[in-house]
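Peer 1: Need coordinates for the below:
(one chain, ligands or ions: 1)
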Amino acid sequence: MGNDGIDSILREHRLFPPSPAFSDIARVPSASRLDALYSHAAADYEGFWAALARSELNWTKPFSKILDSTKAPHFRWFYDGRLNVSYNCLDRHLEKRADKPAIIFEGEKGDTRTLSYGELHREVCRFANALKAQGVALGDRVVIYMPMVPEAVVAMQACARIGAIHSVVFGGFSAEALKDRIEDAGAKVVITADGGQRGGKIIGLKVACDKALKSGGKSVTTVIVLKRTGQHIAMKSGRDIWWSEAVADHADSCDAVAADAEHPLFILYTSGSTGKPKGIQHSSAGYLLGTIVTTQWVFDIRDSDVFWCTADVGWITGHSYVAYGPLANGATIVMYEGAPTVPDAGRFWSVCERHKVTIFYTAPTAIRALMKFGDSWPGKYDLSSIRLLGTVGEPINPEAWMWYHRTIGRERCPIVDTWWQTETGAIMIAPVPGVVPTKPGSCTRPLPGIAADVVNEQGNTITKPDQGGYLVVKRPWPSMLRTIWGDDDRYVETYWKRFGKRYYLAGDSARRDADGYFWIMGRIDDVLNVAGHRLGTMEVESALVAHPMVAEAAVVGRPDDVKGEAIFAFVVLRGERPPGGVDDKITGELRNWVTDQIGAIAKPSDIRYVDNLPKTRSGKIMRRLLRSLARGEQITQDTSTLENEAILAQLQGKA
Ligand code: 7RM
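Peer 2: Numbers count the residues shown, from 1 in each chain. This is a model prediction of the structure:
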């Protein structure tokens, strides 16, 4: 390649080894200890995971079988064992940690609440009893559409306690998106709140829920409503019940139902390359094991830690590193409901100072957004309690990494850049912080027991450094997804077909440098990453064409300083094309429309109106061309195959 020289100038060469002060007391304190884990996994893959499953989980019926690959790519782990996930997160800590804070909560307005393990256990039991009283049983689906309050975790844990399958829907999703998810999951119960608090505004969760259930969601018999904001909402008699009434009169103890290791713990919808989100189905034992060991290896969790993962429970990160992993380890977590900039850009740092956060885990988009406000905000706060920083959701640019390192970590804290997905359940590629030197922008190396690799079109390992290829995982791992809810064919097709059902295809491209460090390059499919949130271009396109004025739409990402990617839509209207391809009124309407259809996160930043979309002779939309156009780049692609070359000027915004 002709631009190799330029490429390597841009490569990142800085290396940040952990300080002895960090390594000395780390869970994995030395290269030899980490190597021992790798060697064990290499020598006896199943034995490695089985030993962890025995030491880290409490089983009601111990397993004797480890991995079943006979129906690959449908794998089963520890499949003759039985356990309860909620027992493993709560009950087993009660003897030693009943009074230890499990959740330190802070609302946007400054209200705080702490729940000890004993209190959390009682709340979960009471709510589990309430769910049973509403007819919820093993295997039933429960949709949780809640703000970031402790009750969201209580609801998830209560489902786990009785073997109900939860499906958390992010509170930022619209009524329409909520309805689709309720219907796909066939949920019996929806748990919501009157509203949530964010950016000084109230998010009308119950209103959205009512709207969703008005037009569909016929499987729902009960809606349980938490009073959070106190604004007036309608309660439909016979269907809606307040949380406080639902739990009244119920005991604060409730048997933890032993379920099969493979019993689905939850479904979580995520975007793919079609218009329809995928219901990623996770298991009980394997999933929990993945979250437990990664919380130990990557976050180096210890009893004295205060762990703050800023992700909403509506995303996988909020499942694995808010609701499950840290609790299963008996750690104290922080939950914050609200925006990072209320009342000012110092809020996150103020929360860290006041609650003495020791491990802080957030997304690059949040780091970039807060970095823009300057160093003075973090400078106002005592951040000396922090000992470890983490990032997730998208590649972090070296500039943001260095700011995080200097300004938040005060050059003292390792940064763990964690690559993983909704589908992988737990962190897959990340530094083990007491051992692995970090490089800004690299998630470093796969964790022990994770057979991640970079391969070429033929599925062969790319050994030459810095050559991009497909990121794959060559062996099943315990916390992997089990299927796509209600669409098993799509599971096989999306993740396994590409390499003959041998390798899991992550959908990311990556390269490995000469030190074996992984660098994630981006998606290979039509999935966008907007502010760390996964969105399919097709989802946004389907939403746009559902509007009566829109004939056709093509959506691409363009780089954005803060959000990583912003959404750029090329739209063909049914009527006349607006002069110059711009119409603020229609654009305003379409942006609101997309917000209604999916949620504000999917709102296009730019809409350009054209007479035709650029298509090849075979009728395929030329997305690569559109991506260049959205970036305002010079067109280097061959446009001679364009059906209508005359529209180039329109696409460029020049006509
Ligand atoms: C945890 C989560 C998954 C996609 C994934 C990547 C991107 C996530 C990183 C990253 C570079 C990272 N789940 N991604 N983490 N890219 N470095 N550390 O985000 O299902 O919502 O998204 O996010 O493209 O495939 S997710």
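
Peer 1: Which positions in the chain make contact with the ligand?
Peer 2: 270, 315-317, 392-395, 417-422, 443, 506-508, 520, 523, 529, 534 (Cβ under 6 Å from any ligand atom). In this view, the C-beta of every residue, glycine as well, is placed from N, C-alpha and C.

Peer 1: Which parts of the stretch 51-200 of the chain are helices?
Peer 2: Secondary structure of the stretch 51-200 of the chain by DSSP state H, counting those that start in this stretch: the helices cover 85-89, 94-97, 117-133, 150-162, 175-185.

Peer 1: How about the contacts made by the closest residue to Trp243 other than its chain neighbours?
Peer 2: Nearest non-adjacent residue to Trp243, counting by Cβ to Cβ, 6 or more residues apart in numbering: Leu226, 4.2 Å away. For Leu226, the contact set (Cβ atoms under 8 Å, 6 or more residues apart in numbering) comprises 146, 149, 151, 191-194, 242-243.

Peer 1: Which two of the residues you listed have the greatest separation?
Peer 2: Val149 and Trp242 (14.8 Å; Cβ to Cβ).

Peer 1: now stretch 110-128, how far from the centre of its chain.
Peer 2: 24 Å (Cα atoms, centre = their mean, to the nearest Å).

Peer 1: What residues of it count as buried?
Peer 2: 115-128 (16 or more other Cβ atoms under 10 Å).

Peer 1: Need the max-distance pair from those.
Peer 2: Ser116 and Ala128 (18.1 Å).

Peer 1: residues touching Tyr324, list them.
Peer 2: By Cβ under 8 Å, 6+ apart, the contact set of Tyr324 is 85, 89, 287-288, 291.

Peer 1: CSV for these, including neighbour count and pLDDT?
Peer 2: Output for these, formatted as CSV (neighbours: other Cβ atoms under 10 Å; pLDDT from 0 to 100):
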residue, neighbour count, pLDDT
Val85, 29, 98
Cys89, 31, 98
Tyr287, 28, 99
Leu288, 30, 99
Thr291, 26, 99
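
Peer 1: Now flag whichever of these is closest to the ligand.
Peer 2: Thr291 (12.0 Å; Cβ to the nearest ligand atom).

Peer 1: what helix or strand does the closest residue in space to that closest one that isn't next to it in sequence sit in?
Peer 2: In this structure, Thr291 finds its nearest non-sequential neighbour in Gly325, 3.3 Å apart by Cβ to Cβ, 6+ apart. Gly325 is part of helix 325-328, with elements assigned from DSSP states H and E.

Peer 1: Remind me what that helix packs against, helices and strands.
Peer 2: Counting contacts by 3 or more Cβ pairs under 8 Å, 6 or more residues apart in numbering; DSSP states H and E, helix 325-328 is packed against helix 85-89, helix 285-297, strand 332-337.

Peer 1: so which residue of the stretch 351-500 of the chain comes closest to the ligand?
Peer 2: For the stretch 351-500 of the chain, Cβ to the nearest ligand atom, closest residue to the ligand: Thr422, 3.4 Å.

Peer 1: in the helix or strand harbouring Gly47, what's buried?
Peer 2: Here Gly47 sits within helix 45-56, counting by DSSP H and E. With burial defined by 16+ other Cβ under 10 Å, the residues of helix 45-56 counted as buried are 45, 48-50, 52-53.

Peer 1: In this structure Ile316 contacts Thr270, no?
Peer 2: Yes. The pair Ile316 and Thr270 passes the contact test of Cβ atoms under 8 Å, sitting 7.5 Å apart.

Peer 1: who has more neighbours, the two?
Peer 2: Using other Cβ atoms under 10 Å, the more surrounded residue of Ile316 and Thr270 is Ile316, with 25 against 20.

Peer 1: re the thing from before, which one of Val149 and Trp242 has more residues nearby?
Peer 2: Neighbours were counted for Val149 and for Trp242 using other Cβ under 10 Å; Val149 has more, 21 against 14.

Peer 1: Now do the same for that one: its pLDDT.
Peer 2: Note for Val149: predicted pLDDT of 98.

Peer 1: neighbours around the closest residue to it other than its chain neighbours, how many?
Peer 2: Among residues not flanking Val149 along the chain, Glu337 sits closest, at 5.6 Å (Cβ to Cβ, 6+ apart). Glu337: 22 surrounding residues under other Cβ under 10 Å.

Peer 1: Tell me the bridge partners for Glu337.
Peer 2: Gly107 (DSSP bridges).

Peer 1: Tell me the spacing between it and Phe170.
Peer 2: 13 Å (Cβ to Cβ, to the nearest Å).

Peer 1: what comes into contact with stretch 594-601?
Peer 2: Outside stretch 594-601, the residues touching it (Cβ under 8 Å, 6+ apart) are 170, 172-177, 530-531, 533, 535, 539-540, 543-544, 546, 602-604.

Peer 1: What about Val435, how many residues nearby?
Peer 2: Residue neighbour count, defined by other Cβ under 10 Å, stands at 21 for Val435.

Peer 1: what's the answer for Ala133, then?
Peer 2: 14.

Peer 1: Name all residues that make contact with Thr418.
Peer 2: 298, 361, 390-392, 427, 429-430, 443.

Peer 1: Spell out which helix or strand contains it, please.
Peer 2: Per DSSP H and E: strand 415-418 holds Thr418.

Peer 1: immediately after that strand, which helix or strand?
Peer 2: Past strand 415-418, the next helix or strand by DSSP H and E is strand 452-455.

Peer 1: Against which helices or strands is that next one packed?
Peer 2: strand 469-473, strand 504-512.

Peer 1: Leu388 and Ile301 touch, don't they?
Peer 2: No. Assessed by Cβ under 8 Å, Leu388 is found out of contact with Ile301, at 9.4 Å.

Peer 1: Any idea how far apart the tips of stretch 15-22 sit?
Peer 2: 16 Å (Cα to Cα, to the nearest Å).

Peer 1: and what of stretch 524-532?
Peer 2: 16 Å.

Peer 1: Could you list the residues in contact with it?
Peer 2: Residues contacting stretch 524-532 (Cβ under 8 Å, 6+ apart): 271-273, 363-366, 392-394, 470, 507-509, 523, 534-538, 540, 555, 557, 560, 562-567, 601-602, 623.
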